[in-house]
Every structure is written in structure tokens, then in C-alpha cells.
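Quick one, what's the 3D model for this:
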Amino acid sequence: NPPATTDFPHYRLITTQYNRTLQDAHNEDEHDGTFVHCNTVSAGCQLFYNVVERYRGQSSLGQHPHGFRINFPASKKLQSELGFPVTKLNVMSQHIDRQALGYQFFREAFSGALVAQLTQFVRLETNPLSHGGVQDFAYMNVEKEDADFLSSQGGNITPLRFPGVCTVSLATCTTTADCGALGGTCFDRTAGNLYKGVLSADLQYLGTDENSYRGRYEKETNETEDIFTDVMALTFALDPDTTSDANFESAVNAVVDENEWARFFAIQMLLVNQEGGIYRDTGDDYLLYFEPSGSPLGPNTKILQRDTDSVFGGFGTFVQETIWRTNIQTPQRFLRNNAYAGRFVGAICDLLNTDFTPAVMNPRIDALPPAIADAAQKDRFKQWVVDRIAYVNGEITRTTTLTGVPASPYTSASPTLSLSGQLNQCGTYRVLLN
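Here you go, the predicted structure:
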């Protein structure tokens, strides 16, 4: 039968009744199936046999309709509406209006400086109907994070997410010839380790036994290289049991992209992402990317977003929370350390002046298709943005004050001065007194 609706690309997943019944266990077991892709422009449909499908989302397996992961044979990739062929399809079902706004915010914040997934609205039918499913339901297709993601889908996404760098000048390059008279070679940055944090990946140092990390940090690239020394080095630097406060800044700067980390957490806190994640209460729903060994940038570890169904005030709610909500010890230490707290709040201040304003957010909200968010829901989003701006501004000190400064010239015999005051939190992370 032709698709009932033609507003979005149409997918149909077909399995046997036996396999569908097995999936009533609500787990992530894999099953064989057939996939049908219908193009709403050409009105043509394409069959894919021998796909492998499963429910996705460890923390959302009991929610309906289910999200799905669908893997295609490498010999027959799906020509995705995202603009490139894929072998792995992630279709998410929960609060896709928030998913769309959240992923877009990560992609466009800070003039597109962060690495984030591409997304596309689709419709999915399952035959037989999945447990708790709804036929012709609107889903969010989210780009899978893997080696193709790191390579910008073979160059189909520009600007490149991880462009090559010259080993001497650190200028971006495509080939060694681009490095010019300064010499060096063009270093490929796309072959590093990408990990998915799962539930208890709380960035605490767990010693040198790789078994302690294997179930918490799932490898999305280089899976056959079963080595976790980069995660060990990162957690060693972050954990207060292994790195003292005096050495914390230098240790962290040696292994992470500290400004990118501050921006990642700034967005999470500004958008009140109530998904259980590294920015709140669990070591879940994030990615780590380490530059390949030998990179002239060092490990330069980046932290990336996963899943945004609970942004803009929660999972179906519109609540307000403090920007200091992070409870997990290691990220909390990073965010409250004098070297990084100002950068974290400074990133929030930047967003309040640029991306997170009604002038920017209202058009994005209005652009949500009617099938995804009706007029009343869009009004709720817009009002929450206004309320959030006021709430966060109420938490931020934007002036610097200093009391106890003596008159000049200083004539007292005492060599000690008692000074006090308050710092402008928007970006201040170091103060020098002359």
C-alpha cells in the first residue's frame, strides 16, 4: 500500500510475527527484517532485504512507540535524506519536537563550532505493529556516531568535522602540499577513538584494568583495538583521587579541549536537559572523541551530545533549574574549578547574547512542521525561552567589585592588604593584582 502521508520520507519495517513477539521482551536483541524506503518526491519505493533491527535506547525500552536501530548490508546502503548513504539508521520516537530543537541548537551554537549530528523527520510503520506502536508515526532520524560520522560522511558534510592539520603550523589541510614552506605533513584526525558513555561512565578513574572501563565506555570506532588507555588518562586527570587541585588545570588542559567542554555543559544547563546524563546524575548519553595517537593537537578530547528528548525543560515538561545542577563528582569538579567555572558561565553568557534569544529561537520553533508541534506547543516553547532567559540572568553576576583598596601612595607599615569583592562570572577565570 502507498504511504498514508507524504509530508516526510516514509519507512516501513517488516518482520515475522515470531520476531515481533520476541521483541515484546523490550530488550535490545537483534532480529532479521525487511525495510521499505518510499521517496515522497518520486513516489517510488525500494526494498532492502536482510536488514538487522532492534529496539534502541537502554533507558527508554519501556516507552512507546519504541525507537529503532536498523542496520543495512554494506553492499546496499540506504540513500538517506540526510544527504549521504548510510548503513545504520537511528529512528527516535520520544518528543521529537525537542529532539529537533536540541540537535539544531548544538549544531548552530557558537557559530557552528561544536560537532553535532544531522537529523531528519521521517515516518515509520512496522508490520506487524510493534508493541505499543502507532502506524505512520513521525520519528526523528538521527545520524549514527561512527567512523563515517568522524569522516563527515566521506566529505559529504562541510565544513569537515575534523579537518586535517599540518604537523608544524597546525593550519588546516587536505594534503601535505597544503602545509607549504613551513614543512610537516597533513595529519588525518578522523581515525581516533570514539566512545559512547553508558549509564555508569561517570569519568572516575578506575585503575589500569581495562575490564573496569569496557562496559561503561562503548567503542564506536576501532572496536577491534580493545584498548582503553586514553579513557584511563582522561579520568586520571579529572578524578580528585588521582589529580590534586594544584595540578588540576595543567592536567586537564593536557588531555581535553577545555573550551569545548565548557560550551557542551553550558548548553546542557541552559536548555535544562533532564535526560539522565553526565551533565546531571549518571554517566550516560554522551560521547568522547580522542584524537588519533600522534596528533599534533594531543588527545584534545571532545565531549559530544547524544539524545535531546528532554531539553527545553524536561521530558514533556517546562521546568526551570539552576545552571549548577551537575551532581556527578568529576564533571562538577571541572565546572566549579576556578580555571573553568568562568569559561562555563561565559559560554552561557555568550549564548544569551547570540543563539538563545527570542529573535533566534522563535523562527526555529515556528519552523517545526505542524505534524511535529502545533501552535499551542510552539507558544509553550517560546514562553519557556523567555522565562529561561530571566531565570538564568538572575543567577549570573556580571559586574566586578573590589573593596579594601588603600589610597595611593601606600603609607601603612603593614605588608598585608585585606581585599574583597565579586567577579564578573561571564568569562572571568583568572585575576591578577598589580
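
Show the end-to-end separation of stretch 108-117, please.
From its first residue to its last, stretch 108-117 covers 11 Å (CA to CA, to the nearest Å).

Please work out which residues outside it touch it.
103, 106-107, 142-143, 145, 149, 159, 161-162, 260, 263-264, 267, 289, 302, 304-305, 347, 350-351, 354-355 (CB atoms under 8 Å, 6 or more residues apart in numbering). C-beta: built from backbone N, CA, C; applies to glycine.

low-scoring stretches of the stretch 1-150 of the chain, by residue?
1-2, 40-43, 59 (pLDDT under 70).

if I pick Arg280, what's in contact with it?
Asn273, Gln274, Arg325, Thr326, Asn327, Ile328.

Pro369 too?
Counting by CB under 8 Å, 6+ apart, the residues that Pro369 touches are Asp7, Phe8, Phe121.

again, 10 Å this time
Asp7, Phe8, Asp97, Ala100, Phe121, Ala138 (CB atoms under 10 Å, 6 or more residues apart in numbering).

element containing Gly154, please.
helix 152-155 (DSSP states H and E).

just the helices in the stretch 251-400 of the chain please.
Counting by DSSP state H, counting those that start in this stretch, residue ranges of the helices within the stretch 251-400 of the chain are 258-270, 329-336, 338-353, 358-366, 375-393.

Go through the chain and flag its longest strand.
strand 45-56 (DSSP state E).

For it, buried residues please.
Going by neighbour count (16 or more other CB atoms under 10 Å), the buried part of strand 45-56 is Phe48, Val51, Glu53, Arg54, Tyr55, Arg56.

circling back to that earlier point, most neighbours of all the contacts of Pro369, which one?
Within those, neighbour counts (other CB atoms under 10 Å) peak at Ala100, which reaches 23 neighbours.

Which positions in whichever strand or helix holds that residue come out as buried?
Per DSSP H and E, Ala100 falls inside helix 96-112. Buried residues in helix 96-112, defined by neighbour count with 16+ other CB under 10 Å: 96-106, 108-110.

Now do the same for the helix holding Gly154: mean pLDDT, whole number.
Helix 152-155 shows a mean pLDDT of 96.

Helix or strand next in line after that helix, which one?
Using DSSP H and E, the next helix or strand after helix 152-155 towards the C-terminus is strand 164-166.

Can you identify the element that follows that following strand toward the C-terminus?
Sequence order places strand 172-173 as the next helix or strand after strand 164-166, per DSSP H and E.

Please name every helix or strand in contact with that next one.
strand 164-166, strand 186-187 (3 or more CB pairs under 10 Å, 6 or more residues apart in numbering; DSSP states H and E).

picking that back up, biggest separation within the buried residues of strand 45-56, which pair?
Farthest apart among the buried residues of strand 45-56 by CB to CB are Phe48 and Tyr55. That separation is 18.8 Å.

about what we covered before: which one of the contacts of Pro369 sits closest to Cys166?
Each of the contacts of Pro369 was checked against Cys166 using CB to CB; the closest is Ala100, at 37.4 Å.

I'd like to know how far the closest one sits from Gly197.
The spacing between Ala100 and Gly197, counted by CB to CB, to the nearest Å, is 23 Å.

how about stretch 195-202: buried residues?
So stretch 195-202, judged by 16+ other CB under 10 Å, has buried residues Tyr195, Lys196, Gly197, Val198, Ala201, Asp202.

send the alpha carbons of that stretch over as CSV?
Once non-C-alpha atoms are left out, stretch 195-202 reads as follows in CSV (Å, rounded to 0.1, in the frame of the first residue of the first chain):
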residue,chain,number,x,y,z
TYR,A,195,33.3,6.2,22.8
LYS,A,196,29.7,6.2,24.0
GLY,A,197,29.2,6.7,27.7
VAL,A,198,26.7,4.2,29.0
LEU,A,199,24.9,4.6,32.4
SER,A,200,27.9,4.4,34.7
ALA,A,201,30.6,6.2,32.6
ASP,A,202,31.0,8.9,35.2
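
start the count at 11, not 1, going forward
All set: I'll call the first residue 11, so the last point we hit is now stretch 205-212.

Averaged pLDDT, that stretch. What do you get?
The average of the pLDDT scores along stretch 205-212 is 95.

How far does it sit from its chain's centre?
Centroid separation for stretch 205-212 versus its chain: 13 Å, with CA atoms, centre = their mean, to the nearest Å.

likewise stretch 403-415?
On CA atoms, centre = their mean, the centre of stretch 403-415 falls 32 Å from that of its chain.

what do you get for stretch 70-80?
Its chain's C-alpha centre and that of stretch 70-80 lie 20 Å apart, by CA atoms, centre = their mean.

now do stretch 228-239
The answer for stretch 228-239 is 20 Å, by CA atoms, centre = their mean.

And it, what's buried?
Buried positions in stretch 228-239, judged by neighbour count with 16+ other CB under 10 Å: Lys229, Glu230, Thr231, Asn232, Phe238.

can you check stretch 220-230 too?
By 16+ other CB under 10 Å, the buried positions in stretch 220-230 come out as Ser222, Tyr223, Arg226, Tyr227, Lys229, Glu230.

Endpoints of it, how far apart?
Where stretch 220-230 begins and where it ends lie 16 Å apart, using CA to CA.

Show me the beta-bridge partners of the residue sitting nearest the centre point of the chain.
By CA atoms, centre = their mean, the chain has its centre lying nearest to Gln315, at 0.9 Å. Beta-bridge pairing for Gln315 (DSSP bridges): Tyr296.

I figured it hits Phe115, correct?
Yes. Between Gln315 and Phe115 there is a contact under CB atoms under 10 Å: 9.4 Å.
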